[in-house]
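Novice: Turn this into a structure:
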Amino acid sequence: MSEPLTNPGEGFHPHLHDTPGRGAAPLRTRLHHVRADALDGDTAQTGGMRRFAAVSGRTVGSEKLWMGQTHVAPATSSSDHHHGESETAIYVVSGHPEFVFLDDSGDEPEEVRLRTSPGDYIFVPPFVPHREENPDPAEEAVVVIARSTQEAIVVNLPGLYALPAEEA
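Specialist: Numbering: from 1, shown residues only. Here you go, the predicted structure:
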């Protein structure tokens, strides 16, 4: 015989609600379900993109992680930016977004364009200036983003350039 299902919102330790004298489970002792229609659009933004937080310090009390979605409209690109001290992992859900950065490992900085497809991943190290582009004239690109900080750090830049070592 299988165990009965928990009720929505009960979290990982549903038995905690049955303990006499105890209220609802504390924030750090339960799972949190963030429904797709409850994503938080009140996040740091970059021109040409819309970011929506799912997991953050504000939405679920996260202390070391931010996760959400970014939508890039057809035929548009973001502003040049970096994400401060955050490591950023990106998973391409739909569309064919392109990620652009400067490779300064040679004699002259060279613009590099990473062309992606659904199912691809991108890793953005801390402080690396870049931009996202969606060259498709009709289809929005959607990606899921995870960051190593509890909030979405976005530092918009006047251009795409490699940061000097002392700034990075």
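
Novice: what about the protein, any weak spots by pLDDT?
Specialist: Along the chain, the model assigns pLDDT under 70 to residues 1-48, 162-168.

Novice: Just checking: what are the partner strands of the helix or strand encompassing residue 132?
Specialist: In the assignment (DSSP states H and E), residue 132 maps to strand 131-134. Applying DSSP bridges, strand 131-134 is found paired with strand 76-77 (antiparallel), strand 98-103 (antiparallel).

Novice: closest to residue 57 out of the ones you listed?
Specialist: The closest of the strands paired with strand 131-134 to residue 57 is strand 98-103. By C-beta to C-beta, the value is 26.0 Å. No exception for glycine: its C-beta is placed from N, CA and C like everyone else's.

Novice: Reformat the strands paired with strand 131-134 as a markdown table; add distance to residue 65.
Specialist: Converted to a markdown table, the strands paired with strand 131-134 look like this (distance: least, C-beta to C-beta, whole Å):
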| stretch | distance to residue 65 |
| --- | --- |
| strand 76-77 | 27 |
| strand 98-103 | 21 |
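
Novice: Compare those and give me the one nearest residue 128.
Specialist: When the strands paired with strand 131-134 are compared by C-beta to C-beta, strand 98-103 sits nearest residue 128, at 6.1 Å.

Novice: quick one: the helices in this protein?
Specialist: For the chain, the helices defined by DSSP state H cover 57-60.

Novice: which stretches of it form strands?
Specialist: With DSSP state E, the ranges of strands along the chain come out as 49-55, 66-72, 76-77, 81-82, 88-94, 98-103, 110-115, 121-124, 131-134, 141-147, 155-156.

Novice: Throw those into JSON lines and include mean neighbour count, thanks.
Specialist: Putting the strands of the chain into JSON lines (neighbours: other C-beta atoms under 10 Å) gives the following:
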{"stretch": "strand 49-55", "mean neighbour count": "20"}
{"stretch": "strand 66-72", "mean neighbour count": "21"}
{"stretch": "strand 76-77", "mean neighbour count": "18"}
{"stretch": "strand 81-82", "mean neighbour count": "22"}
{"stretch": "strand 88-94", "mean neighbour count": "17"}
{"stretch": "strand 98-103", "mean neighbour count": "18"}
{"stretch": "strand 110-115", "mean neighbour count": "11"}
{"stretch": "strand 121-124", "mean neighbour count": "14"}
{"stretch": "strand 131-134", "mean neighbour count": "22"}
{"stretch": "strand 141-147", "mean neighbour count": "21"}
{"stretch": "strand 155-156", "mean neighbour count": "13"}
